[in-house]
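Novice: got a predicted model here, sequence first, then my questions.
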Amino acid sequence: MRLLPVLLLATALTLVADEHAAPASKAKAKPQPQEHAASATPDAHGAVPAADGPDSPSAALAELAAGNGRFVAGKRVRTLDTAHDAAMRAALVGGQAPFAVVITCSDSRVADALLFDQEAGRLFTIREAGNAPDLQGIASAEYAAEHLGSKLIVVMGHTSCGAVKAIREANGKPLPGNLWALQAGMSGLLESTPHDPNEDTKAHLARLEEANAKRQAQAILDRSTLLHELVASEKIWIVPALYNLASGKVQFFKPVSLAAAAPAHH
């Protein structure tokens, strides 16, 4: 008889456990259409990080221009929503296929992913003060073009560039420390874009910033046999550009010309 209360108590506890378990199992069965549908859609943030990238140089340039348009209008879609960041990271663990290389200045105000509205996995970024890449930078661009399938290289300067300003103010005199490397990287800039007596300092700087972007883009082509071949076969474009800090707009210039290039061998 003493066992009867114990058996009754055990039965009661089992019934209570079943009552609480039932709703949980039903909750697991509820579908999550919004979240899963988004991850299957190429246009959704983080869904297909690189597979939906442009497949030609012109399409890649159009995508960057469209992304910059969204940035200027305050309507970013790829770099604003963070709800799918974990899924995006997981998708990128297996590899990357950035559709464009962006060679830009190290300036903290020039965040290429934001101003082109592109999330991780879509841009291969090389940053050097004055957007003047050394051989390591050029090799990095070659790697992206040859091994990762990038269709476009954008060499982007920007307004109010401190590196260009330093070169102008030094006017040929050696800069201190290792800053001489900036002068080496922008060698010939002042000679190719002399100061017009009828323009003020700000106007001259603006011309130097644009000229530097164009010269650096051409220099990359001149110094890389591999990129020269890819440009010749129309597999990639090298495009100079200038980012305006005030407006947020990127101005793209014509792709650099093969006719002006004389590939260097290293």
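Specialist: Nice, thanks for sending it over.
Novice: who's in contact with the residue nearest to residue 151 when sequence neighbours are not counted?
Specialist: Distances taken as Cβ to Cβ, 6 or more residues apart in numbering place residue 60 nearest to residue 151, at 4.3 Å, with adjacent residues excluded. The way it works is simple: take the backbone N, C-alpha and C, and place the C-beta from them, glycine included. By Cβ atoms under 8 Å, 6 or more residues apart in numbering, the contact list for residue 60 reads 53, 54, 99, 100, 150, 151, 152, 237.
Novice: isn't the fourth one right up against residue 125?
Specialist: No: under the criterion of Cβ atoms under 8 Å, residue 100 makes no contact with residue 125, lying 9.5 Å away.
Novice: who has more neighbours, those two?
Specialist: Remark: of residue 100 and residue 125, residue 100 carries more neighbours, 27 against 15, as counted by other Cβ atoms under 10 Å.
Novice: report the beta-bridge partner residues of that one.
Specialist: On the basis of DSSP bridges, residue 100 takes part in beta bridges with residue 123, residue 152.
Novice: and the gap between it and residue 217?
Specialist: Residue 100 is 14 Å from residue 217, where distance means Cβ to Cβ, to the nearest Å.
Novice: now the common contact residues for the two.
Specialist: residue 153.
Novice: the helix or strand of the chain with the lowest mean pLDDT: what's the following helix or strand?
Specialist: Lowest by mean pLDDT, DSSP states H and E among the helices and strands of the chain is helix 33-39, with a mean of 30. Using DSSP states H and E, the helix or strand that follows helix 33-39 towards the C-terminus is helix 57-73.
Novice: state the next helix or strand along the chain beyond that following helix.
Specialist: helix 85-92.
Novice: assign a three-state SS to the closest residue in space to residue 89 that isn't next to it in sequence, would you?
Specialist: Spatial nearest neighbour of residue 89, excluding adjacent residues (Cβ to Cβ, 6+ apart): residue 120 at 7.6 Å. Here residue 120 is recorded as coil under DSSP: H, G, I helix; E, B strand; the rest coil.
Novice: what is the neighbour count of residue 120?
Specialist: Every residue meeting other Cβ under 10 Å relative to residue 120 is counted, giving 18.
Novice: that one contacts residue 93, doesn't it?
Specialist: No: assessed by Cβ under 8 Å, residue 120 is found out of contact with residue 93, at 11.3 Å.
Novice: ok, now how distant is residue 203 from residue 159?
Specialist: From residue 203 to residue 159 the distance is 12 Å (Cβ to Cβ).
Novice: neighbour count for these two, which is higher?
Specialist: residue 159 (18 against 12).
Novice: phi and psi next, for that one.
Specialist: phi -70, psi 160 (degrees, to the nearest 10).
Novice: how about residue 92: what's its closest non-neighbour residue?
Specialist: Residue 92 sits nearest to residue 121 (Cβ to Cβ, 6+ apart), 4.8 Å away.
Novice: for that neighbour, give its distance to residue 179.
Specialist: Distance from residue 121 to residue 179, by Cβ to Cβ: 34 Å.
Novice: who's more crowded, the two?
Specialist: The neighbour comparison of residue 121 against residue 179 (other Cβ under 10 Å) goes to residue 121, with 21 against 15.
Novice: would you confirm that the more buried one contacts residue 90?
Specialist: No: applying Cβ under 8 Å as the test, residue 121 and residue 90 come out as separate, 11.4 Å apart.
Novice: measure residue 173 to residue 130 for me?
Specialist: 17 Å.
Novice: so which of these two has more stuff around it?
Specialist: residue 130 (27 against 7).
Novice: can you list contacts of stretch 174-185?
Specialist: By Cβ under 8 Å, 6+ apart, stretch 174-185 touches 128, 129, 130, 132, 133, 134, 163, 166, 167, 170.
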